[in-house]
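In: Give the three-dimensional model of this entry:
(one chain, ligands or ions: 1)
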Amino acid sequence: MAERTAMPKPRPSTTKAGGVSKTKLTAKKATRPSRSIALAITGLEVPVEVRRHRSARRLTLRINQTKRSVVVTVPLRCKIDEAGRFVHRHIDWVRTRLHALPSPITFEDGAIMPLRGADHIVQFVGPRVRGAVVSFEELGSGMPVLAIKGMPEHAARRFRDWLYAEARRDLEARVTYHAARLGLRARRLSVRDQGSRWGSCSTSGMLSFSWRLILAPPIVLDYVAAHEVAHLAEMNHGPRFWALVRKTMPDMDIAKAWLLKNGLALHRYDASEAPKG
Ligand SMILES: [Zn+2]
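Out: Numbers count the residues shown, from 1 in each chain. Just a heads-up that it's a prediction; the model follows:
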């Protein structure tokens, strides 16, 4: 979830952990960063990225919790020193936010990760002739194992690809279901790492979803699918929008409450490849 010291800029309609964004769709071009500069701040161990935006009117600060980095957005003509001073002025805020972030869990042998809401132990089992790339196995302990075969150096990537494919499969099924119930049609569906967003819907009917939804209980993925499908008819979060979501998903409040409580924790899982060695 993005945290800012100043008012967020309008973004495409999105579903966020911990609440509902009430922003409307804006032209994407206007908010595209034109330059991004890495900045070193004394006493801060995380990367600081300065982004110059054409449409930025003042300096804003946020924490990218997936990358564990600080992002400063500044107007085009703002000097880099000014961005540095801005971070220094808010250094306590930055430190507090960074400190509050849960430690990341990377895809590695022995990691415990939820899949469709149930914890699994990830095991890199090495090359195997038979079987799928990822298979389910039972351990004596009762916690199911996700066995990933192949060379260990490729296991994290193969596991990530598999998770994306599983997320896509579940999301396609639920989007199709809700679209049929509401008499709507999605043009395309994509699964991505979209930072704090769980899903988004463009005016052209393109739905995007976070791969992390495959980690959550199925009702949560189902709710985000229903939410974005409803945006195909109502590109806002007004009463008519919520009536549509509730019509196709009467249980939506359970899923919303789950996201509010647990959504942040899902950002601990880092799909980038585990460091080598
Ligand atoms: Zn929304």
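
In: What is the distance between stretch 225-235 and the centre of its chain?
Out: Relative to its chain's centre, stretch 225-235 lies at 18 Å (Cα atoms, centre = their mean, to the nearest Å).

In: For it, list every residue counted as buried.
Out: If you call a residue buried by 16 or more other Cβ atoms under 10 Å, then stretch 225-235 has these buried ones: A225, A226, H227, E228, V229, A230, H231, L232, E234, M235. Placement of C-beta: from N, CA and C, glycine included.

In: element containing the fourth one?
Out: E228 is part of helix 218-231 when elements are defined by DSSP states H and E.

In: Point out the other helices and strands that that helix packs with.
Out: Counting by 3 or more Cβ pairs under 8 Å, 6 or more residues apart in numbering; DSSP states H and E, the packing neighbours recorded for helix 218-231 are strand 14-16, helix 152-182, strand 197-201, strand 206-210, helix 239-248, helix 252-266.

In: Nearest to S190, out of those?
Out: Distance to S190, taken as Cβ to Cβ, is lowest for strand 206-210 among those, at 4.9 Å.

In: Parallel or antiparallel, which strands does the closest one pair with?
Out: In the sheet, strand 206-210 lines up against strand 188-192 (parallel), strand 197-201 (antiparallel) (DSSP bridges).

In: how far out from the middle of the chain is whichever helix or strand I63 is part of?
Out: Following DSSP H and E, one finds I63 within strand 60-64. Strand 60-64 sits 16 Å away from the centroid of its parent chain (Cα atoms, centre = their mean).

In: immediately after it, which helix or strand?
Out: By DSSP H and E, the next helix or strand past strand 60-64 is strand 69-75.

In: can you state the direction angle for the next helix or strand after that following strand and strand 60-64?
Out: For strand 69-75, the following helix or strand on the C-terminal side (DSSP H and E) is helix 80-89. Counting by axes from the mean of the first three to the mean of the last three Cα atoms, to 10 degrees, helix 80-89 lies at 70 degrees to strand 60-64.

In: Which positions within the helix or strand following helix 80-89 qualify as buried?
Out: Note on helix 80-89: by DSSP H and E, the next helix or strand toward the C-terminus is helix 91-100. Residues of helix 91-100 classed as buried: V94, R97, L98 (neighbour count, 16+ other Cβ under 10 Å).

In: what's the closest non-adjacent residue to V70?
Out: V48 (4.5 Å; Cβ to Cβ, 6 or more residues apart in numbering).

In: for the protein, which spans come out with low pLDDT?
Out: 1-34, 140-141, 272-277 (pLDDT under 70).

In: run the last query once more with 80
Out: Along the chain, the model assigns pLDDT under 80 to residues 1-35, 43, 65-67, 102-103, 129-131, 138-142, 194-196, 270-277.
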